[in-house]
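J.: no sequence on hand, only this structure:
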Ligand code: UD1
C-alpha cells in the first residue's frame, strides 16, 4: 500500500492550479443519465472517485469519451468528458461498486426518472458516521416512487413515471438534494424542494440541468422550484473550481507560512473559510484568475469554529483547520455538527505532538510551539489531507500510511505542493 513521506518545516512559494470540484463533477456525470443526448463536461478532475463513477456509469450503458489530457504541471483545465446515455442497458448499481463510493448512490433518482425503475445498493464511502439515506428515499417517495429494501438494495419503482411533489427536508443534505433535484427535472409537473442544500456544487448541477432544458427557479437558495419536462437535451458545462481543494491549500500555506497563488480559485465559493483564515492572521487577496495566500512570520491566531451547511464553515475543511490550529498562539475550539465520528484525525495529530481534547462533538486544541514528524495513518479523505498539512508543519519526517484515500479527492497533491517547495514523496508498496 502506498505511503507518503514528508520532510516538514518548509515555507510554500509559487503557484498551485486548482482543479475542478470533485463534489460537482460526480453529480454532473450522473446527470448524463437523464438524457439520451451527449453531456459534455469540461474541467473534470482526474481522481479515483471520478474513475470509479465512470465505471459505474458505463455499467448502466453510458458511453464515455475523454479528451484534453493534461499537457503539463501548470495546466489546470482538467479533462473533457463526453457522456452519452443513449440507452440505459442496466438500471442496477451493484454493491461491489456503490459500496466504494457514497455519491454513486445518487444514480437512484436519475435512473428511476429515466427508466421507471432502479435497483441501487445501499452506499459506502468514507467511514465518518452512519450516513443514512432516509431523506433520499422520502424525497423520491414524495415524487411517487414505490420503494422497497431487498438484500441490501434499494428497489425503486415508478411504473407510471414520477410526478412533481413537495419535498421538505428535515435537515440539509447535499446528496438528497442532488438525487431529488435530478429526478424532479424529468418528473411530470412541478416539484418544490424546501430546505435544499445551498452548497455551490448543488448550484452547479442545477445550472447544468437548466442548460439541458430543465426549468429551475431558486438556484443558490434553500427553495428550489422545478418544472419537470418529459426529456432533457445534451449540453456543455464547465465544472466549477474545487472550494475544498482551495481551502485545503490555503490552510497549508497558512500553516507553513509562505506566499502562493491558487490559480482558478474563487473566494465567493468559500466565504466562511476565507473569513476564518483571515481572522487567524492569513492574508487572502483576490487577484485576476485566483487568490493569493500569504502568511509571513506572525503566529496563527486561535479559531472558534462550528461546521455548518453553506453559508457556514464546511465539514470538509474541519480536519485541515484543526491541523492549522495545532500550533496557534492560544486555544481553539472546533465543533463538528454535520457528521458524528469525523474526528479520526485527532489521535493522529496527537501523535505529531498536538494537544487536543475531544469531548463529544467538540475538539479543544491548545496551541503548541511545534509539531514533530512521526508515522501516522490516514483514515478518510479529508483526515488524510489534514495529516499532510501537519506533516508540512512538523519538524523532521512524517510518513502517512493508507494514502489511497487522498487519491479519491486530491488531484496530483504531491506534485502541486512540491512545485511550491514542499518535500513530499510517494513510496510504493
Ligand atoms: C456531501 C459531500 C461531502 C460533504 C457533505 C456535507 C459529495 C460527494 N459529498 O456528502 O463531501 O462532507 O456533503 O457537506 O458531495 N443525512 C441523513 N439522511 C439522509 C442523508 C443525509 O440523516 O438521507 C445526514 C448525514 O448523515 C449527515 C448530514 O445529513 O449528518 C449531511 O449529509 P449530506 O449532506 O447528505 O452528505 P453527502 O451528500 O453524503
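T.: Here it is on my side, so go on. Because the structure is a prediction, the values reported are computed rather than measured. Numbers count the residues shown, from 1 in each chain.

J.: in contact with the closest residue to residue 319 other than its chain neighbours, which residues?
T.: Nearest-residue entry for residue 319: residue 386, 3.5 Å, with adjacent residues in sequence omitted and distances by C-beta to C-beta, 6 or more residues apart in numbering. Any C-beta I mention is one placed from the backbone N, CA and C, and that applies to glycine too. Shown in contact with residue 386 (C-beta atoms under 8 Å, 6 or more residues apart in numbering): 319-320, 322-323, 345, 349.

J.: go with 10 Å
T.: 248, 251-252, 255, 317-324, 326, 344-346, 348-349, 378, 380 (C-beta atoms under 10 Å, 6 or more residues apart in numbering).

J.: among the residues you listed, which are in strands?
T.: If you go by DSSP state E, those have nothing in strands.

J.: so the closest residue to the ligand within the stretch 101-250 of the chain: helix, strand or coil?
T.: Of all residues in the stretch 101-250 of the chain, residue 175 sits closest to the ligand, at 2.8 Å by C-beta to the nearest ligand atom. Three-state assignment for residue 175 (DSSP: H, G, I helix; E, B strand; the rest coil): helix.

J.: and the residue lying closest to residue 105 once chain neighbours are set aside, what element?
T.: Spatially, and ignoring its direct neighbours in sequence, residue 105 is nearest to residue 123 (4.0 Å; C-beta to C-beta, 6+ apart). Under the criterion DSSP states H and E, no helix or strand holds residue 123.

J.: ok, now which ones touch residue 123?
T.: Neighbouring residues of residue 123 by C-beta under 10 Å, 6+ apart: 93, 95, 98-106, 108, 131-133, 136, 154, 175.

J.: same check on residue 136?
T.: Residue 136 makes contact with 105-106, 108-109, 120, 123, 147, 154, 156, 169, 173, 175-180, 183 under the criterion C-beta under 10 Å, 6+ apart.

J.: in strands only, show me these.
T.: Among the contacts of residue 136, DSSP E puts 120, 147, 154, 156 in strands.

J.: relative to residue 244, which of these is nearest.
T.: Nearest to residue 244 among the ones in strands among the contacts of residue 136: residue 120, at 25.4 Å, using C-beta to C-beta.

J.: wait, what's in contact with the closest one?
T.: 56, 91-95, 97-98, 104-109, 111-112, 133, 136, 153-156.

J.: for the stretch 101-250 of the chain, just list every one of the strands.
T.: Assigned by DSSP state E, counting those that start in this stretch, the strands in the stretch 101-250 of the chain fall at 117-121, 146-150, 153-157, 166-168, 189-194, 215-217, 224-228, 235-238.

J.: buried set for stretch 229-248?
T.: Within stretch 229-248, the residues scored as buried using 16 or more other C-beta atoms under 10 Å are 232, 234-235, 237-248.

J.: what about the helices in this protein?
T.: For the chain, the helices defined by DSSP state H occupy 22-31, 48-60, 95-98, 108-115, 134-142, 174-186, 200-211, 243-256, 271-279, 318-325, 344-351, 381-393, 404-409, 413-418.

J.: of all these, which one is nearest residue 67?
T.: So among those, helix 48-60 is nearest, using C-beta to C-beta, at 14.0 Å.

J.: in that closest one, what counts as buried?
T.: For helix 48-60, by 16+ other C-beta under 10 Å, it's 48-50, 52-54, 56-57, 60.

J.: that older thread, so for the residue nearest to residue 319, what's the pLDDT?
T.: Looking at residue 386, its pLDDT is 97.

J.: how close does it get to the ligand?
T.: 14 Å (C-beta to the nearest ligand atom, to the nearest Å).

J.: and if you look at residue 314?
T.: 6 Å.

J.: what comes up buried for stretch 190-206?
T.: Neighbour counts over stretch 190-206 (16+ other C-beta under 10 Å) mark 190-193, 195-206 as buried.

J.: ok, and of the residues you listed, which contact the ligand?
T.: Among the buried residues of stretch 190-206, the ones lying near the ligand by C-beta under 6 Å from any ligand atom are residue 201.

J.: ok, and the closest non-adjacent residue to residue 364?
T.: Spatial nearest neighbour of residue 364, chain neighbours left out: residue 357 (4.5 Å); criterion: C-beta to C-beta, 6+ apart.

J.: now for the one you found: which residues touch it?
T.: Residue 357 makes contacts with 331, 333, 346, 350, 363-366, as judged by C-beta under 10 Å, 6+ apart.

J.: which one of those residues has the most neighbours?
T.: For these, counting by other C-beta atoms under 10 Å, the largest number of neighbours falls to residue 365: 27 neighbours.
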